[in-house]
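Need a 3D model of the sequence below.
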Amino acid sequence: MSKLASHYQRFEFLHFATRDHTTRFYYRLSGDRVDPIDFEERVTWPAALPAPDPLQPAIYQALCNVHRMLGISYYKSCCPPEIILHGDPLSGEEASFWNQVYTAGLGEFYYRNQLDPRGRVRFPYQEGVRPSPQPCREAAQEKVLLLIGGGKDSAVSHEIIREAGVEVTLYSLGTAPWIKRLAAAFGAPHLVVGRQLDAKLFALNGAGAYNGHIPISACIAFVGMVVALLGGYRAVIASNEKTASYGNLFWQEMEINHQWSKGLAFEQAFQGLHRLLYQQAPDYFSLLRSLSELAICGLFARRLRYFNSFTSCNANFQLQDTSEKPRWCGRCPKCLFVYLMMAPHLNDARLQAIFAGNFLLDAANMPLLEELAGLRGHKPFECVGTPDEVLAALSHLAMQGRLQGTPLHHFYESQLHSKVSDPQALWQEQMTAGGESTLSPLWQRRLDAYLRSH
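Residues are numbered from 1 along each chain as shown. Here you go, the predicted model:
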């Protein structure tokens, strides 16, 4: 255990306060022999929307959920054994949901810090409490919020929504130059929510507190629900693929998944919580849940106008301004994986124009490629897909004759060829929509219509 963390036995959710378009969320770490540490996180809501009014029951409930969700950044600094909630008590169902988020959502964090997650998180609840579902403002017409990063997935979702004739507004929690650039390429309104973490958290990290990955997509989802309620949107739409549900490894009787809050399990749990808390709440779902990353890249490859406006490299999405950095570092698992997923769908000239290099031919990337292909270690802790997608892409490149004369030809023939009994069948499997999703019949028809025409 971290020496610093051992001093703090309690994490407290204090209260929150809204003034105009800013909500301040308050938290506390406390212990028996140390002074408490109080945190304040600020969230700034878009000026184009009404300011959130906590006197409206649905808005108040949504802000309570944001309070609990954003607290995860401060909780993980010391992971104290006791959680204290000030204010309204939770029901058993709500406590179970938050236990899941603070356990599975922090799975990678626990693994990297070698903290046993089993039975660690226990949100308090009161027997007999059951929420009264709150009515939500209903949109006069169908309009949706689309979560936008800087990558290809939200571009594909935007095209599907646009062709369905549905009014769309873009939404992001924070912004970065590449998010702005892709939003401009879409030409749709863009609502940005600002988030300012307490500087004391960074000081704690520097002093030896625990640090690591949080389920940021869950934070984005909960904040997005407030935006949807304020603006009268019918749905908050994500662009998470089928293979986001595929974990990295098993540890301490638990699947560790870097992308847990992008996966189907979180999506279903999130929807279940909202059925419990609201009447006719805005929907939350991933439009691309039935598609592999390889299939999504195939759809994106037909949208040339976005090629100069996207990046998936996480070096471009840090807290500091990264506008002067190359949009692809070319050395991380995400860069290598996205290049590989795009390569079968584009010629070499197009790939060079986008990536300014061939990441597959860099000998330094071979260990990463072996991890992505399932030959060593485990799937990298990044938003990358499955070994089957990697095998499908490489075998397709081999069928196209594009591995000839490269070091990859020997690598494929000696280590991967025997794993692919029928390359065409594997390709078809990865390129075909299927599997469980939470799409409504209406959105399923819209997705099917788009896939048929593209």
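
and the longest helix for this protein?
helix 216-231 (DSSP state H).

Mind listing residues that contact the next helix or strand after it?
Downstream of helix 216-231, the next assigned helix or strand under DSSP states H and E is strand 235-238. Under the contact criterion CB atoms under 8 Å, 6 or more residues apart in numbering, strand 235-238 has outside partners 144-147, 157, 161, 171, 217, 221, 224-225, 227-228, 262, 267, 282-287. Using the backbone N, CA and C atoms, a C-beta is placed for each residue, glycine as well.

pretty sure Ala392 is in a helix, no?
Yes: if the criterion is DSSP: H, G, I helix; E, B strand; the rest coil, then Ala392 is within a helix.

Quick check: the residue lying closest to Gly298 once chain neighbours are set aside vs Pro407, distance?
Using CB to CB, 6 or more residues apart in numbering and skipping residues adjacent in sequence, the residue nearest Gly298 is His345, 5.0 Å away. His345 is 22 Å from Pro407, where distance means CB to CB, to the nearest Å.

okay, the two: which has more neighbours?
Ranked by neighbour count (other CB atoms under 10 Å), His345 and Pro407 place His345 first, with 19 against 13.

ok, the more buried one - contacts?
Counted by CB under 8 Å, 6+ apart, His345 has contacts 297-298, 301.

Of those residues, which belong to helices?
297-298.

most surrounded residue in the contacts of His345?
Going by other CB under 10 Å, Cys297 tops these with 27 neighbours.

wait, it sits on Phe337?
No: Cys297 is not in contact with Phe337 according to CB atoms under 8 Å; the separation is 10.0 Å.

how close does Lys143 sit to Arg234?
In terms of CB to CB, Lys143 sits 6 Å off from Arg234.

meant to ask about Ala449
Taking CB to CB, one finds Ala449 at 19 Å from Arg234.

So for the two, which residue has more residues nearby?
Ranked by neighbour count (other CB under 10 Å), Ala449 and Arg234 place Arg234 first, with 19 against 13.

and the more buried one, what is it in contact with?
If you count contacts by CB under 8 Å, 6+ apart, then Arg234 has 139, 142-144, 228, 282-283 around it.

In ChimeraX, how would I select just the buried ones from the residues you listed?
For the buried members of those, the matching ChimeraX selection, counting by 16 or more other CB atoms under 10 Å, is:
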select :139,143,144,228,282,283
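
Generate a markdown table for the contacts of Arg234, with pLDDT and secondary structure as supplementary columns.
Below are the contacts of Arg234 laid out as a markdown table (pLDDT from 0 to 100; DSSP: H, G, I helix; E, B strand; the rest coil):
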| residue | pLDDT | secondary structure |
| --- | --- | --- |
| Ala139 | 73 | coil |
| Glu142 | 91 | coil |
| Lys143 | 94 | strand |
| Val144 | 96 | strand |
| Ala228 | 96 | helix |
| Pro282 | 94 | coil |
| Asp283 | 95 | strand |
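
So which of the contacts of Arg234 is the closest to Phe39?
Nearest to Phe39 among the contacts of Arg234 is Ala228, at 26.5 Å by CB to CB.

For the nearest residue to that closest one once chain neighbours are set aside, give me the backbone phi and psi.
Among residues not flanking Ala228 along the chain, Pro282 sits closest, at 4.0 Å (CB to CB, 6+ apart). In terms of degrees, to the nearest 10, the main-chain angles of Pro282 are phi -60, psi 140.

Now for the closest residue in space to Val156 that isn't next to it in sequence: which residues touch it?
The shortest distance from Val156 to any non-neighbouring residue, by CB to CB, 6+ apart, is to Leu299 (4.9 Å). By CB under 8 Å, 6+ apart, the contact set of Leu299 is 156, 159, 291, 454.
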